[in-house]
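Novice: Here is my input, please return the structure:
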Amino acid sequence: MVKRWILPAIAGAGLVGAALWYALVYRPALPVPASTPAPPAPPAPAAATVPAEVILHPVPPNAADAAVRPPLPTLNDSDPALLAALEQILGVPVVKDFFVRENLVRRIVVSIDNLARPKLSAERRPIAGPPGLFQVQGDELHATLDPQNYARYRPLVAVVHGLDMQRIADLYFRFYPLFQSAYQDLGYPTGYFNDRLIAVIDVLLATPQPMGPLELVRPRVMYEFADAGLEALPSGQKILLRMGPDNAVAVKDKLAELRAILTAAPTKH
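Specialist: Numbers count the residues shown, from 1 in each chain. Next comes the predicted model:
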């Protein structure tokens, strides 16, 4: 179904990006009597319930500079820290104009997961939709996607095009445990979010590019693709189709760049 908003998958997949991620779980240790040896530290959230043998693309460790970092927020308290970190990379105006300011980590995780599924939840999107109304040529009996509709996505695509994907990846790697925790809370207790993110990027990169105008029908309130094969595509691929070919190429290029960084992370031996 044709939605009136866009979620870049990148940011990843962001999209897109979207440009994306923040915060390690911080759990202060409980006091231990002097006569009692301190118990061993619990494993990091990302490794707590995920067997190592099922992880295809592990994120790199952060031990090298962890000692110099200040304590980081919990998942429920991570919005201010995440928004501040994104402002440093994207700038205050971009974050103010595009990002939802509540439950951002969870919104990013659920939206990325849904980009490879038939439907995307508008209520849980992390990024505001494009301005203006969805535009078509023709009437409800025979319509095509109006190329003028593509202009609605250009401001967001311009942000994606300008992203420094290495900085986005560094932020994501550094604060990965919160995204892992949110993914497990979503109903995947043994899932690994980084593997899911890469799989979703692959889905988006495989988006077909139809020849000629995109024909639409309107069986209910919202327009749908007249081609049943296109309408059956994952929600993220349909978003890219609605953006127009030039915008889609720009987003795919950044997704491919992000994927290369993510998959270049050290693998297990």
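Novice: C-alpha from now on. contacts and neighbour counts both.
Specialist: OK.
Novice: And the helices in the stretch 1-150 of the chain?
Specialist: Using DSSP state H, counting those that start in this stretch, the helices of the stretch 1-150 of the chain run over 45-48, 79-90, 92-98, 104-114.
Novice: So which of those has the densest surroundings on average?
Specialist: Burial of the helices of the stretch 1-150 of the chain is given as mean neighbour count (mean count of other Cα atoms under 10 Å); helix 104-114 ranks first at a mean of 24.
Novice: picking up where we left off before, so can I have JSON lines of the helices of the stretch 1-150 of the chain showing mean pLDDT?
Specialist: Shown next, in JSON lines, are the helices of the stretch 1-150 of the chain (pLDDT from 0 to 100):
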{"stretch": "helix 45-48", "mean pLDDT": "44"}
{"stretch": "helix 79-90", "mean pLDDT": "92"}
{"stretch": "helix 92-98", "mean pLDDT": "90"}
{"stretch": "helix 104-114", "mean pLDDT": "95"}
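Novice: so which of those helices gets nearest P219?
Specialist: P219 lies closest, by Cα to Cα, to one member of those: helix 104-114, at 23.5 Å.
Novice: got the angle for that closest one vs helix 79-90?
Specialist: Angle, helix 104-114 to helix 79-90, by axes from the mean of the first three to the mean of the last three Cα atoms, to 10 degrees: 70 degrees.
Novice: can you count the residues close to T263?
Specialist: Residues lying near T263 (other Cα atoms under 10 Å) number 16.
Novice: Quick check: it touching L56?
Specialist: No. Judged on Cα atoms under 8 Å, T263 makes no contact with L56 at a distance of 9.2 Å.
Novice: what separates the spatially closest residue to S121 that is not a sequence neighbour from A182, distance-wise?
Specialist: Nearest residue to S121, sequence neighbours excluded (Cα to Cα, 6 or more residues apart in numbering): S111, at 7.1 Å. Here the criterion is Cα to Cα, to the nearest Å. By it, S111 lies 12 Å from A182.
Novice: gap between D195 and F179?
Specialist: Separation of D195 from F179 (Cα to Cα) stands at 12 Å.
Novice: Looking at those two, which is more packed in?
Specialist: Under the criterion of other Cα under 10 Å, the comparison of D195 against F179 puts F179 first, with 28 against 18.
Novice: and that one, that one's in a strand?
Specialist: No. Counting by DSSP: H, G, I helix; E, B strand; the rest coil, F179 is not part of a strand but helix.
Novice: from what I can see it touches V105, true?
Specialist: Yes. Counting by Cα under 8 Å, F179 does reach V105; the two are 6.4 Å apart.
Novice: Is A260 part of a helix or strand, or is it coil?
Specialist: Going by three-state DSSP: A260 is helix.
Novice: how about the strands of this protein, start to end?
Specialist: In the chain, strands defined by DSSP state E lie at 136-138, 143-145, 215-217, 224-225, listed in chain order.
Novice: could I get the helices of the stretch 1-150 of the chain as a markdown table with distance to P126?
Specialist: Converted to a markdown table, these look like this (distance: least, Cα to Cα, whole Å):
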| stretch | distance to P126 |
| --- | --- |
| helix 45-48 | 22 |
| helix 79-90 | 11 |
| helix 92-98 | 8 |
| helix 104-114 | 5 |
